[in-house]
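1. I would like to see how this sequence folds:
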Amino acid sequence: MNIYRIYSKVKRELLKSSRIILLIVLILPFFGGCRINEDDYELTHYTGKSVNSFEKATKTELTEESNGVYKIKGELQLIAPKGAIESYTILEGSEHYKLFGVGIGMNKAEAEQKIMKAYEEETNKAIEAEKNSVTHTYRDKDSELYLSYDIDTGLVTEVSYYHLNIESLMEDEELTNAGELIALVGDMRVYYNEAMVYLKSVQENYEIDYGKGIWDVDILGDGSSFGEYIKDEVLKQIIQLKVIRAKANQEGILLTEEEKADAAAYAKEHYAGLSDADRDRYLVTLELLEKVYSDNILAEKVFETLTIDVDTNVPDINAQQITVQHILIYSTELNDEGNRVSLSLGQRNSAFDKVNELLEKARTGEDFYTLAETNSEDDEIEYTFGRGEGPDKYSDTFEQAAFNLKTGETSSLITTEYGWHIIYCVTDFNEDATIRVKENIIEERRTKLFADYYSSWSSEYDVVINSDAWDKISLAE
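-> Have a look, this model is predicted:
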């Protein structure tokens, strides 16, 4: 893809974005609302959390077999006697779950290599003849792990883990080695190391998608680089998070013990993924990361709490989405200057005859998609859209004709500046797409309401930026 097309895409995405708590999307990939990553099946991440947290993260439903014992039949057993998960057993029928990266069916050599990263040598080994397996036991001061292999194949058949002493969470405290002061938000301070946690996370996300060359490009056309733009946005959003945290305390909106545990777990995982060089260079500590994740979780909680009562009524007429397929036969072409001009009379007559033949075939029952795939001169065959949202490149005539069709109907010839279209209505009410639009409308209402709250709050805080320190930081390095 051409690099300037990529930058144009980034620009469109930036201009569309209006959500105040944007950093939650950028820095917290671990929250993963809709998509389950492989890492979500690593069970040790849920030690000390509730069964409900586990079900929510893994999109599974557990059955309580007895007090504190939960199961997914044939796959998994959890023990949570006091509400917090303390034990896991992965059974032979499991395909996904892992403990320390070890899952069912893994070979012994690979499994032992992974286990040795968490434990010293095994403390015991026992043969279970009735199961034709050998079980190895590993212990440390906090936990026990039992790893069973099939005697004949050497493959893992069962893994059990018991946590003996769930660690208490570290309390938040002022950091003494934090680098230069970057900003004051009222009496709240933002130091170099905290700002860099956000900035480096955003940088990594953009560079994965668009490459390192993006930072010096003047995407917005105002003479400033994209790197400068992103730095400004990151600092604005850190300030927003500080204001939201202060207002949360005033409103009595606090993190639960489970949410604090989530912040600690996310911080631990983030910290483990940093190189020693980056920890030293950017002065990142585990305590700092816990603070960062706590601020983000709290901000999202404030948003959810204060916008919970927003109007959720969205009439179908405002959200209705239809799905149509179409065939396009050109009556025009591009000239040397890139302008669209009419075909010659002979070419135009030939094209008109062709589109009429296709219309006849469509009306006599031929599969429309197949007909379009074979004959349409547009790369795209199917569109889903609502009122006022028809394909940008076609005139309103296309959209109006599409909305006049009922499910299963085929239009007459529709003329646009490109040529002639035949439109087939797949459905005049795409329920799934309509629901998504309704959800987006409700979310926009919530965002607007929260923006009003924030506008009022922010006026209460004086903000001072240490421009000298902040300007020295470059994403293009």
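2. output the strand or helix carrying residue 420 as PDB, restricted to C-alpha atoms.
-> Using DSSP states H and E, residue 420 sits in strand 419-427. C-alpha atoms of strand 419-427 as PDB (Å, rounded to 0.1, in the frame of the first residue of the first chain):
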ATOM      1  CA  GLY A 419     -22.900   4.100 -15.500                       C
ATOM      2  CA  TRP A 420     -25.800   1.800 -15.000                       C
ATOM      3  CA  HIS A 421     -26.500  -0.200 -11.800                       C
ATOM      4  CA  ILE A 422     -28.700  -3.100 -11.100                       C
ATOM      5  CA  ILE A 423     -29.400  -3.400  -7.300                       C
ATOM      6  CA  TYR A 424     -30.600  -6.500  -5.500                       C
ATOM      7  CA  CYS A 425     -31.900  -6.200  -1.900                       C
ATOM      8  CA  VAL A 426     -30.400  -8.900   0.300                       C
ATOM      9  CA  THR A 427     -32.300  -7.600   3.300                       C
END
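3. downstream of that strand, the next helix or strand is which one?
-> Once strand 419-427 ends, the next helix or strand along the chain (criterion: DSSP H and E) is helix 431-458.
4. pairing partners for the helix or strand that that next one is followed by, with directions?
-> Toward the C-terminal end, the helix or strand that comes next after helix 431-458 (DSSP H and E) is strand 463-465. Each strand pairing with strand 463-465, determined using DSSP bridges, is listed with its direction: strand 181-185 (antiparallel).
5. looking at the protein, which helix or strand is least sure?
-> Of all the helices and strands that make up the chain, helix 22-27 has the lowest average by mean pLDDT, DSSP states H and E, namely a mean of 41.
6. list the contacts of the helix or strand that it is followed by.
-> Counting by DSSP H and E, the element after helix 22-27 in chain order, helix or strand, is helix 51-58. Identification of contacts with helix 51-58 by Cβ atoms under 8 Å, 6 or more residues apart in numbering yields 32, 36, 40-41, 46, 60-62, 70, 78, 80, 83, 85, 258, 262. C-beta coordinates here come from the backbone N, C-alpha and C atoms, glycine included.
7. what does the helix or strand following helix 51-58 rub up against?
-> Tracing the chain past helix 51-58, the next element assigned as helix or strand by DSSP H and E is strand 63-66. Contacting residues not belonging to strand 63-66 are listed as 70-73, 77 [Cβ under 8 Å, 6+ apart].
8. nearest to residue 373, of those?
-> Distance from residue 373 was checked for each of these by Cβ to Cβ. The minimum falls on residue 72, at 42.4 Å.
9. distance check, that closest one against residue 60.
-> 6 Å (Cβ to Cβ, to the nearest Å).
10. now swap in residue 50 and tell me
-> For residue 50, the distance to residue 60 (Cβ to Cβ) stands at 14 Å.
11. for the helix or strand harbouring residue 279, packing partners?
-> Residue 279 belongs to helix 276-282 when elements are defined using DSSP H and E. Helices and strands touching helix 276-282, as assessed by 3 or more Cβ pairs under 8 Å, 6 or more residues apart in numbering; DSSP states H and E, comprise helix 192-210.
12. tell me where the stretch 201-350 of the chain has helices.
-> 226-251, 257-272, 276-282, 286-306, 316-319, 345-363 (DSSP state H, counting those that start in this stretch).
13. among those, which is nearest residue 108?
-> Judged by Cβ to Cβ, the one of those that comes nearest to residue 108 is helix 257-272, at 25.5 Å.
14. next, the angle helix 192-210 makes with the closest one.
-> 70 degrees (axes from the mean of the first three to the mean of the last three Cα atoms, to 10 degrees).
15. quick one: residues in contact with helix 257-272.
-> The list of residues contacting helix 257-272 from outside it, by Cβ under 8 Å, 6+ apart, reads 28, 30, 45, 48-50, 53, 169-170, 255, 279, 284-286, 289-290, 292-294, 297-298, 301.
16. now the buried members of these.
-> In the contacts of helix 257-272, burial by neighbour count holds for 28, 30, 45, 48-50, 53, 255, 284, 286, 289-290, 292-294, 297-298, 301, counting by 16 or more other Cβ atoms under 10 Å.
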